[in-house]
Every structure is written in structure tokens, then in C-alpha cells.
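In: what's the 3D shape of this:
(2 chains)
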Amino acid sequence: DGGITQSPKYLFRKEGQNVTLSCEQNLNHDAMYWYRQDPGQGLRLIYYSQIVNDFQKGDIAEGYSVSREKKESFPLTVTSAQKNPTAFYLCASKPRTSGREDEQFFGPGTRLTVL
Amino acid sequence: GNSVTQMEGPVTLSEEAFLTINCTYTATGYPSLFWYVQYPGEGLQLLLKATKADDKGSNKGFEATYRKETTSFHLEKGSVQVSDSAVYFCALIPWAGGFKTIFGAGTRLFVKA
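Out: Next comes the predicted model:
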């Protein structure tokens, strides 16, 4: 089955440690996205990528980093510079970067808790 | 700029009640409009969409009509079930650029048996 996988589902880290969240898609989609969702809140865009080896900052990129070395993979690193990293992180993809009618496909999310 | 405004939740209904979740948008031209649903502990999934003015999107008993004159895309369902309890997000993709989706804040729906 085609889809987006995120791992792990739950992640616990100590304050001051970097952590990398995995996102893989086998949908052959060009565009990939990372969002952060806090309790009772909407989605905030962290980073997005339109093509391999290229990515752009979203609205809240500070304290995060990404890479896009392969079309199917878009890992997110939460660094120690992120002041409040505890949140639910969602990865998404879209078939065509400029597809104005294309919906986004979402992974199941990773819940990160920093102790 | 582009934005989406949804009614604040939570919305609490009894089973078989009629549901309306209001959504209005600000955008130039003719954006594409979407409703996504998020069940507890999961990612979002597309519920329905409309890409032209006066189009009606529908799925699983939900429907929404693209109203250009009122810049609205209200979500409706005639008879809700307990299983419809979730968070609903209205979203748009701007006419001029397709790589970013603008999401509303989400509206939480609770349906009581």
C-alpha cells in the first residue's frame, strides 16, 4: 500500500539532546512538508521541500533542520536550540509541487516529549 | 494575504443532529478549498474538496459548497454519528501558487450517543 510512514510513534528525549524524526513516502510525490501541532492548536509549517536537495523554511523553522537527499525521505531534526520542542509532528506530501488542486497526504505523526 | 477562518470549537452535538462548521477565507482569485479531518492521535486525511466556484464537494455524508460571493466553504452533515467525533480543518491552496496549503485553526467536534 502506498502512503507515508513516520517513526517512531512516540519519542522521549532529554532536554538538550538533538533528535531526528523519520518520514518516508512511497507515493512518488514531489513535495514534502513538516508541521508542528500543539494541543488544541492548528498546524504550523516548519519546513517544506519541492524537489530533492532543495528545501525552504516555513513559519517556525528556528531550532529545526531538514534534509532531502532522496525523493522519498524528508527527515526532521529537532535541535537543542528549539526552546519548546514537546509537540505532535506531522509529515505530509503532495503529488506536484505546484498542483493547485492537489490535496496533501499526511503520515500518522510522531509525538515528541522532551523531559 | 491568504487566510482561513473557522468557527471556534468545541462543537458538541447529539447523535443524528445536523452539523454545520463555518469556514470563510481571504484570498485573491479562485483558490482551491479543502476540508480535512483528524481523528484522535492520527494525521489529517482529506474529507472533501472543491476547486471551482459553485462546486460542491461531498464524501461520507459530508458536503460543502464553494461560495465565491461570500468567500465561504461551510461543512455540513445531515445526521452525525459518534464516529464523526474529530477535529475538522478547512484549508485553501492559493490561486497563484500551489506548493503551500493554508490551514484554518481547526474545529473540534464531539458527538454524544
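
In: Chain neighbours aside, what residue packs nearest to A:E24?
Out: Take A:E24 and drop its neighbours on the chain: the residue closest to it by Cβ to Cβ, 6 or more residues apart in numbering or on different chains is A:T5, 5.0 Å away. Where C-beta positions appear, they are placed from N, C-alpha and C, glycine not excepted.

In: Repeat that for A:W34.
Out: Using Cβ to Cβ, 6+ apart, the closest residue to A:W34 is A:I46 (4.3 Å).

In: How many residues are close by the one you found?
Out: When neighbours are counted by other Cβ atoms under 10 Å in any protein chain shown, A:I46 registers 26.

In: which regions of chain A sit below the pLDDT cut-off?
Out: Judged against pLDDT under 70, the low-scoring parts of chain A cover residues A:1.

In: looking at this, B:S83 is in a helix?
Out: Yes: per DSSP: H, G, I helix; E, B strand; the rest coil, B:S83 lies within a helix segment.

In: Can you report how many residues lie near it?
Out: The burial count for B:S83: 10, using other Cβ under 10 Å.

In: any idea how far it is from chain A?
Out: 18 Å (Cβ to the nearest Cβ, to the nearest Å).

In: That residue: what's it in contact with?
Out: Contacts for B:S83 (Cβ atoms under 8 Å, 6 or more residues apart in numbering or on different chains) come out as B:V111.

In: State the number of residues packed around the residue nearest to B:Q45 when sequence neighbours are not counted.
Out: Leaving out its chain neighbours, the residue that sits closest to B:Q45 by Cβ to Cβ, 6+ apart is B:V37, at 6.0 Å. By other Cβ under 10 Å, 21 other residues sit near B:V37.

In: Kindly report the residues of chain A close to chain B.
Out: Contact residues (Cβ under 8 Å from any Cβ of the partner chain) of chain A with chain B: A:4, A:6, A:31, A:40-43, A:45, A:48, A:50, A:90, A:92, A:94, A:96-109.

In: Would you mind listing which of these are buried?
Out: A:4, A:6, A:31, A:42-43, A:45, A:48, A:50, A:90, A:92, A:94, A:97, A:99-100, A:102-107, A:109 (16 or more other Cβ atoms under 10 Å in any protein chain shown).

In: among the residues you listed, which are in strands?
Out: Secondary structure defined by DSSP state E assigns A:4, A:6, A:31, A:43, A:45, A:48, A:50, A:90, A:92, A:94, A:105-106 of these to strands.
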